[in-house]
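Asks: need coordinates for the following:
(2 chains)
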There are 2 protein chains.
Amino acid sequence: MKKKDTAPQENVISTTPFPASKKIYVPGEIHPNIKVAMREITLSDTVDSFTGKKTPNQPVTVYDTSGPYTDPSKKINVHEGIERIREEWIMSRGDVEELDGFSSTYCNERLNDKSLDHLRFNHIQKPKRAKKGKNVSQMYYAKQGIITPEMEYVAIRENQKLQEAKRLSVQHPGHDFGASIPDVITPEFVREEVARGRAVIPSNINHPESEPMILGRNFLVKINANIGNSATTSCIEEEVEKAVWACRWGADNIMDLSTGKNIHETREWIIRNSPVPIGTVPIYQALEKVNGKAEDLTWEIFRDTLIEQAEQGVDYFTIHAGVRLAYVPMTAKRITGIVSRGGSIMAKWCLAHHKESFLYTHFEEICEILKSYDVAFSLGDGLRPGCIADANDEAQFAELETLGELTKIAWKHDVQTFIEGPGHVPMHMIKANMDKQLEACGEAPFYTLGPLTTDIAPGYDHITSGIGAAMIGWYGTAMLCYVTPKEHLGLPNKDDVRTGVITYKLAAHAADLAKGHPGAQHRDDALSKARFEFRWEDQFNLSLDPELAREYHDETLPAEGAKIAHFCSMCGPKFCSMKISQEVRDYAAKKEIEEKSALKIGLEEKAEEFKEKGSEVYL
Amino acid sequence: MKKKDTAPQENVISTTPFPASKKIYVPGEIHPNIKVAMREITLSDTVDSFTGKKTPNQPVTVYDTSGPYTDPSKKINVHEGIERIREEWIMSRGDVEELDGFSSTYCNERLNDKSLDHLRFNHIQKPKRAKKGKNVSQMYYAKQGIITPEMEYVAIRENQKLQEAKRLSVQHPGHDFGASIPDVITPEFVREEVARGRAVIPSNINHPESEPMILGRNFLVKINANIGNSATTSCIEEEVEKAVWACRWGADNIMDLSTGKNIHETREWIIRNSPVPIGTVPIYQALEKVNGKAEDLTWEIFRDTLIEQAEQGVDYFTIHAGVRLAYVPMTAKRITGIVSRGGSIMAKWCLAHHKESFLYTHFEEICEILKSYDVAFSLGDGLRPGCIADANDEAQFAELETLGELTKIAWKHDVQTFIEGPGHVPMHMIKANMDKQLEACGEAPFYTLGPLTTDIAPGYDHITSGIGAAMIGWYGTAMLCYVTPKEHLGLPNKDDVRTGVITYKLAAHAADLAKGHPGAQHRDDALSKARFEFRWEDQFNLSLDPELAREYHDETLPAEGAKIAHFCSMCGPKFCSMKISQEVRDYAAKKEIEEKSALKIGLEEKAEEFKEKGSEVYL
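Replies: Predicted coordinates:
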């Protein structure tokens, strides 16, 4: 952790494909040049224990966020960055110009600083911007009735080839709290949802490497992983691998929350190598530029930071424009005051200057910048509760109302917008957050941090928050910001990131199941069938974390033979309930009677017997 | 793990007290001889960052399941067992007789087998049983209007001294779905709840070592940890430490699910050293006695097993009497058939014999046995769903109806009874389980395994199930059976047990908060206040797992100085939002103006300004 900042090393990047998995690419129909990446998991046959007859199990296609890193046919060179798959789509729209140089003063200072050459990304591209008078946001296109390649991409991606497998109808009907989830996601449905602001496709024109993904309550619940260095630890190469690592395990988006030195250069490496959208909190970097003195922040410094980051390719900005002067005193009696870093910076600024923040007063100018690059707003919840006691208080909901007003202004500019949410909330007060957000923000996607459902388990806050995340995802939240085991205690290492991502992946999936998202149950069913049939390898391979599942299994029964054994380590051979269940079925089969009719006969006999004996329960 | 079975070694038992904690004992009023064990956590002072003025923080008393093991004044010798605190209470009721020997044939065979001497507990006591015609169940006493020492003990224990701290009113009102939770738990309230069957105090007269605890929807949500050896691994001494270990981290009850050889002797060691009630599934041992052939099971063998275990001191029996012949075929089309071991054993027996199981037909005889020792029923859900697809199906709910009928029969005998529940259930289908259970079983306490909210995360099933557990706890479930990370994959080691217990402890606590259990929020508030004030040591010490919290903190900032630093490792000194929040407050204080009025003035000025300018949001 104490290495000097250097350019990334290729060998630290994780590129191993998942077991029994291959990358497949589904072409578009409207846009035949798009190739939607998915992961196909091959399964072994079901073997009948009596006849030995083998029945093949169809492969299972799963949503894949790992990008080219898990495709052995792609050459990975972090010094060059990954393939710029959206470049052609973006340029072919004819509304974008390539600038001769960067528009941000700070960016140019860094570029001209020779002492930074050794840690600079090798192939910095010229920035793109909307031509004068043009709006390049997906929302703008959607409102014009245009189905972009990005929209078709996410439509295909969301369906996960489930139509083909005819798996849509065979699952529990969900309870979706008024969402409008169709059986099949069409490109036109995506367009409609983006047009009305109910979904967001983060897609900065300067981040053509990202594979389009969509946030919205009518789509699969997504997760975000935070990475970032800070003053105390970390270096650039570890940051790139952290992003790759987080995507590998399932992060749909990454937020780069770096606050240390060389943020600018680190960000370039991350974006150039990221197959998922990248978000930031620009105020963090702006604060660095004024040496950490919140009161010295100015609109000009902030504006330059927005442009700097937009031209690098950041896909969404967390902006705490809802922290209004009048709301700050509402937090004075809280147990934990203001816990959002951005929120506390802006609150301090407001108090120091005794006026509304420049984020609020310059909001329309921010919109003008964002729509020139298609950066989405992630309207920050600067006054979110930092403990159970402070949940759902006046300050929090006052800010939410303001975020609703700002959403409407952003939409007026066709700037894609989603809304951040808490935080720490006891279970019974979670739904009010969703309900108020839907109402105040016109169904703009909600993006919550957890929420944590208790304060008393530091070290396990991925779990305290995973509970709240699953619930609020069910209620309609579009994206869940992960929490790692180190929350409140320290910086996450790679294991923590993996644990945080998988925890949130399972919470998001639990939410999809509860909402009744079409086909969501297919993977559960495939895994459970494999489990019942003792197809251990298939069970591991269908897991969110195949490596850990295998590792845990092997701790007790390491032999290869145990993976085809018809029992497992928990109960040993005699007590395995699944084995006994199979025997129950086999018992009937052996007697050459169809199981159900055998039982039916038995029951009829029994019923007769009962009646004869006066239907007494006890004889 | 491959050691030979030997008598336990003292040095493997965990006895270290928790940091900054001392054991306190609260005396009874009705029964002055009872001493209710609690843990008191000492906190450091709050120091005003300007004046340096110190304000003491009151110690926090927490529910303590760790028994004498964390009391340095108690001598622990596993060869002798722990103090028999309930012995006097039990004998003084005058309705119990000490038998000359054990009533179970099998038990006597084992006792007479010299080859087992080396692994036998050293001080086996004579068994106790109700005198002829007497009923020694807490439910019987409760119905007679008697407040037993056990009842007063649990009343004091549930309150956690919160009345004294006057903390009951300052928390969020909960949403309790029709529970009847009083502000203060009185012994009379406990008696009423036990009498009407809405609560259970597991308290076999042959387990006088156990500290009374209560299960019921109007009490704190409890958790159960499963331990046990199996054919493949483990040895006796590890089993005893596993129980101590699980209690240490918060297990309110332990189920001994051993299925290997020497179950009888292992169980003796565990019970003699367990400060919490012990449950078992007697059919497992009965099956061992017929060499694993379910169809060879008989009522006589099962009956002898019940008596064997009741006289050793098992506090509750899981009995799968609800698996009726007619329900078995309802599971034929399931993806995972019957996944309850007990359920599948009984289903196999029913099919083999084509009749109702002896558990069902001999149910009243079982009641007669249980009331002679005050063993509680844990009516097993033998047909619980083993995957998402099978949730809430016909078989599951048919069995639940039968469990309701059996509950009423058990209550007729004044046998304490609670009901087991699933399993694997997607979030939106969890509440139906609770609602149906409450209705079918007359509010008898519900005791669920999770439920797991998705099937796709083996290795993380403590979390997939922790989500469901927290929710169903909120809805009214009295006890949550933990799931470890090894579920479905292997046998839990000590780390897994700790992770499982803490996960369930936090889920149970999240449920208490959501129900609005009086005083539940106190520990959250104390921890969050410590967090806000950078009292790191207090934050660790108030955690469910102080060791892990400290360890995680120290990974990033190991220096002792960092524990009094007014920042933490996540953001570094400049970006700490909590620090900035404090500065927001300090800012006002520095100007010698009361914070609120300062802001009020500012706001009024601002408001005037707004009005003058026509109340435009943007200028």
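Asks: just give the closest residue to the residue most central in space within chain A, not the sequence neighbours.
Replies: In chain A, the centroid-proximal residue (Cα atoms, centre = their mean) is A:I223; its distance is 2.0 Å. In this structure, A:I223 finds its nearest non-sequential neighbour in A:Y504, 4.1 Å apart by Cβ to Cβ, 6 or more residues apart in numbering or on different chains. Bear in mind the C-beta positions are built from the backbone N, C-alpha and C, glycine included.
Asks: cool, and A:K412?
Replies: Nearest residue to A:K412, sequence neighbours excluded (Cβ to Cβ, 6+ apart): A:C367, at 7.8 Å.
Asks: correct me, but the one you found touches A:K408?
Replies: No: under the criterion of Cβ atoms under 8 Å, A:C367 is not in contact with A:K408, lying 11.2 Å apart.
Asks: hmm, back to that, how about the helix or strand harbouring the residue nearest to A:K412 as CSV, C-alpha atoms only?
Replies: Secondary structure here is read from DSSP states H and E; on that basis A:C367 sits in helix A:363-371. Provided in CSV are the C-alpha atoms of helix A:363-371 (Å, rounded to 0.1, in the frame of the first residue of the first chain):
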residue,chain,number,x,y,z
PHE,A,363,-28.0,25.2,-11.2
GLU,A,364,-29.1,26.1,-14.7
GLU,A,365,-25.5,26.8,-15.8
ILE,A,366,-24.6,23.3,-14.5
CYS,A,367,-27.4,21.9,-16.6
GLU,A,368,-25.9,23.7,-19.7
ILE,A,369,-22.5,22.0,-19.1
LEU,A,370,-24.0,18.6,-18.4
LYS,A,371,-26.1,18.5,-21.5
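Asks: toward the C-terminus, what is the element adjacent to it?
Replies: Moving toward the C-terminus from helix A:363-371, the first helix or strand encountered (DSSP H and E) is strand A:376-379.
Asks: re earlier: and the residue nearest to the centre of chain A, what are its bridge partners?
Replies: Partner residues in beta bridges with A:I223, using DSSP bridges, are A:L480.
Asks: quick one: which of A:C367 and A:K408 has more around it?
Replies: More neighbours sit around A:C367 than around the other of A:C367 and A:K408, counting by other Cβ atoms under 10 Å in any protein chain shown; the figures are 21 against 13.
Asks: enumerate every residue touching the more buried one.
Replies: The neighbours of A:C367, taking Cβ atoms under 8 Å, 6 or more residues apart in numbering or on different chains as the test, are A:I409, A:A410, A:K412, A:H413, A:V415.
Asks: per-residue pLDDT of it, please?
Replies: Reading off the confidence values, A:C367 has pLDDT 98.
Asks: gap between the closest residue to A:G380 other than its chain neighbours and B:A395?
Replies: Counting by Cβ to Cβ, 6+ apart, the nearest residue to A:G380 once its immediate chain neighbours are dropped is A:H320, at 3.9 Å. Here A:H320 is placed at a distance of 53 Å from B:A395 (Cβ to Cβ, to the nearest Å).
Asks: just the helices in the stretch 1-150 of chain A please.
Replies: According to DSSP state H, counting those that start in this stretch, the stretch 1-150 of chain A carries its helices in the segments A:87-92, A:105-112, A:138-143, A:149-159.
Asks: so where is the stretch 501-619 of chain A shaky, pLDDT-wise?
Replies: Counting by pLDDT under 70, the stretch 501-619 of chain A shows low-confidence ranges at A:559-619.
Asks: what about 80?
Replies: Applying pLDDT under 80 to the predicted model, the residue ranges of the stretch 501-619 of chain A that meet it are A:556-619.
Asks: put the alpha carbons of stretch A:271-280 into CSV.
Replies: In CSV, the C-alpha atoms belonging to stretch A:271-280 read as follows (Å, rounded to 0.1, in the frame of the first residue of the first chain):
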residue,chain,number,x,y,z
ILE,A,271,-12.2,5.9,-17.2
ARG,A,272,-10.1,4.7,-20.1
ASN,A,273,-10.2,1.2,-18.6
SER,A,274,-13.8,1.1,-17.3
PRO,A,275,-16.5,-0.8,-19.1
VAL,A,276,-19.1,0.7,-16.7
PRO,A,277,-20.2,4.3,-16.2
ILE,A,278,-18.1,6.3,-13.8
GLY,A,279,-19.5,8.8,-11.3
THR,A,280,-17.7,11.4,-9.2
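Asks: that one near chain B anywhere?
Replies: No: for stretch A:271-280 and chain B, the contact criterion (Cβ under 8 Å from any Cβ of the partner chain) is not met; the two come no nearer than 13.9 Å.
Asks: centre of the chain to that stretch, how far?
Replies: How far stretch A:271-280 lies from its chain's middle: 12 Å, per Cα atoms, centre = their mean, to the nearest Å.
Asks: mind checking pLDDT for the closest residue to A:K23 other than its chain neighbours?
Replies: Distance criterion Cβ to Cβ, 6+ apart; nearest residue to A:K23, sequence neighbours excluded, is A:D71 at 4.3 Å. A:D71 is assigned a pLDDT of 97 by the prediction.
Asks: and what of A:Y327?
Replies: Predicted confidence (pLDDT) at A:Y327: the value is 92.
Asks: report the contact partners of it.
Replies: Applying Cβ under 8 Å, 6+ apart to A:Y327 gives the contacts A:L383, A:A395, A:A398, A:E399, A:T402.
Asks: ok, 7 Å please
Replies: Contact analysis of A:Y327 by Cβ atoms under 7 Å, 6 or more residues apart in numbering or on different chains lists A:L383, A:A395, A:A398, A:E399.
Asks: may I have the phi/psi pair for the second one?
Replies: Here the main-chain torsion angles of A:A395 (degrees, to the nearest 10) amount to phi -60, psi -50.
Asks: surely it and A:L383 touch.
Replies: Yes: under the criterion of Cβ atoms under 7 Å, A:A395 lies in contact with A:L383, with a separation of 4.5 Å.
Asks: about what we covered before: identify the farthest-apart pair in the contacts of A:Y327.
Replies: Based on Cβ to Cβ, the longest span within those runs between A:L383 and A:A398 and measures 7.6 Å.
Asks: what helices or strands is the biggest helix by length in chain A leaning on?
Replies: Longest helix in chain A by number of residues (criterion: DSSP state H): helix A:494-515. In terms of contact count using 3 or more Cβ pairs under 7 Å, 6 or more residues apart in numbering or on different chains; DSSP states H and E, helix A:494-515 is assigned the packing partners strand A:222-227, helix A:236-249, helix A:461-475, strand A:479-481, helix B:461-475.
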